[in-house]
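Student: need a 3D model of the following:
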Amino acid sequence: MSRKKLTRRNAIRSAGVLGALGLAGCSQLSGGGGGDSDQLQAAFVYQTSLGDVGWARAHENGRQAMDDSFDWITTEYSDGVPGNEVRSVFEQYASSGYDIVYGCTTEYQDPMLQVAEEYPDVTFEHCNGFETAENMGRYMGKFYQGWYLCGVAAGHLTESDTLGMVVPIPIPQIIRQINAFTLGARTVNEDATTKVRWLNGWADPSGARQAVNAIADEGADAIGSNMVTPAALQAATEREAFNFGVNTSMADQAGEYYATAQINNWAPFYKQSAKDVRNGEWSSDSLWGGLETDIVDIDDFGPKVPDDVVSDVETKRSEIENGERSVWTGTKFEGWSDAELFSDVGSYVEGVEGSVPSS
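Tutor: Take a look at the predicted model:
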């Protein structure tokens, strides 16, 4: 299947939407040395501690891909850095000669913006925010497209016509994904409905298990989880319910009823942005890339997923990539701009039970 090369010129833009290192968290250095004028130093900062799966791991996979691809770059990361401590970490990297700093979570936006103003010669990139500056860009993936494809598979796999989603907090990003999962399912199963359980946090293994068991008791037999822990998927397998993960592959943790996962593939963006900085071609903008840029992907399917389901998902994936299919066609969000979809999605589509709780 063909893929479009990711550059800032061909990526979809939606402007207007969107000392001692490691005092907070843990730092690691890697990459080749050099010291010539073409050598680049890049720093990555993660809010959570690195594990085998999850949001931070997906960014770390991207950093490692960058590091492995270029002999002219040195990279470092700090993990486990809470939002109220991150400013000092950004300042330490900026004052230590780093050329580009990536802040890899929503909560880092304001501290990064403040530090960017203080260090105009350093390039900053912020993930999943809505502010930019002359030397600070922002980037995100249209991960709802991956969830739509997961939903297509779920619509085929469910026998009860009841799906489930275990999710963290009611923000547009998560609401988009619940909606897309449901819409994908209803393209192949118009009777499919989705039960949602909100946990008000990103990492709650016990709560995730309880939520899965509750919706399984209500008949859900295809369950997605937007939590950074694989606990929900493990609980779903114990209930013999197909399950869908997020951010990274969770195949090794989820068990035999693992269907697939929505994958955050940051490597194309990180490599391209580093090349742009090195070549003097970087400019501040807002990138919200979809399947066509490779930032969004889905994992390999589990062994219990039939070939005809895989084939249908691949067909619909190609249609999205080629612009022949939109996730939002026929819904109240049809015709919305990227700016509106990014910031303003706050309600469910038809097929999702209940209503979005107040945040």
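
Student: so who does the closest residue to residue 107 other than its chain neighbours touch?
Tutor: Counting by C-beta to C-beta, 6 or more residues apart in numbering, residue 83 is the residue found nearest to residue 107 once chain neighbours are left out, at 3.6 Å. For the C-beta atoms, the positions are set from N, CA and C on the backbone; glycine is no exception. When contacts are counted by C-beta atoms under 8 Å, 6 or more residues apart in numbering, residue 83 touches 47, 105, 107-108, 111.

Student: so how far is residue 93 from residue 83?
Tutor: Computed with C-beta to C-beta, to the nearest Å, the distance linking residue 83 and residue 93 is 16 Å.

Student: one step back: show me which of the contacts of residue 83 are buried.
Tutor: Burial by neighbour count, 16 or more other C-beta atoms under 10 Å: within these this picks out 47, 105, 108, 111.

Student: and residue 233, how far from residue 227?
Tutor: Summarising the geometry, the distance separating residue 233 from residue 227, computed by C-beta to C-beta, is 9 Å.

Student: mind checking which of those two has more residues around it?
Tutor: When neighbours are counted by other C-beta atoms under 10 Å, residue 233 comes out ahead of the other of residue 233 and residue 227, with 32 against 26.

Student: elements contacting the helix or strand where residue 318 lies?
Tutor: Following DSSP states H and E, the helix or strand that holds residue 318 is helix 307-321. If you count contacts as 3 or more C-beta pairs under 8 Å, 6 or more residues apart in numbering; DSSP states H and E, helix 307-321 packs onto helix 143-157.

Student: per-residue pLDDT, residue 38?
Tutor: According to the model's per-residue confidence, residue 38 sits at a pLDDT of 83.

Student: do residue 202 as well
Tutor: Among the per-residue scores, residue 202 holds a pLDDT of 88.

Student: ok, now how distant is the nearest residue to it once chain neighbours are set aside from residue 247?
Tutor: Computed as C-beta to C-beta, 6+ apart, the closest residue to residue 202 that is not its neighbour in sequence is residue 168, at 4.7 Å. Applying C-beta to C-beta, the value for residue 168 to residue 247 is 12 Å.

Student: picking that back up, which of the contacts of residue 83 fall within strands?
Tutor: Of the positions in these, not one sits in strands, assigned by DSSP state E.

Student: show me where this protein has helices.
Tutor: For the chain, helices defined by DSSP state H occupy the ranges 55-69, 86-95, 109-118, 143-157, 172-186, 205-217, 231-238, 251-254, 267-278, 307-321, 338-343.

Student: ok now the second one, how far from the chain's centre?
Tutor: Remark: helix 86-95 is offset 24 Å from the chain centroid, using C-alpha atoms, centre = their mean, to the nearest Å.

Student: phi, psi for residue 71 please.
Tutor: Reported as degrees, to the nearest 10, the phi and psi values for residue 71 are phi -90, psi 0.

Student: run a quick neighbour tally on it.
Tutor: Every residue meeting other C-beta under 10 Å relative to residue 71 is counted, giving 12.

Student: local confidence estimate at it?
Tutor: 96.

Student: if I look at it, how far off is residue 40?
Tutor: Summarising the geometry, the distance separating residue 71 from residue 40, computed by C-beta to C-beta, is 11 Å.

Student: next: residue 187.
Tutor: 44 Å.

Student: can you pull up the most central residue in this protein?
Tutor: In the chain, the centroid-proximal residue (C-alpha atoms, centre = their mean) is residue 264; its distance is 4.5 Å.

Student: contact partners for the closest residue to that residue other than its chain neighbours?
Tutor: Here the nearest residue to residue 264 in space, its sequence neighbours aside, is residue 58; by C-beta to C-beta, 6+ apart that works out to 3.9 Å. By C-beta under 8 Å, 6+ apart, residue 58 lies in contact with 247-248, 263-266.

Student: distance to residue 52 and pLDDT added to these, as a markdown table?
Tutor: As requested, the contacts of residue 58 are exported to a markdown table (distance: C-beta to C-beta, whole Å; pLDDT from 0 to 100):
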| residue | distance to residue 52 | pLDDT |
| --- | --- | --- |
| 247 | 11 | 97 |
| 248 | 8 | 97 |
| 263 | 14 | 98 |
| 264 | 15 | 98 |
| 265 | 17 | 98 |
| 266 | 17 | 98 |
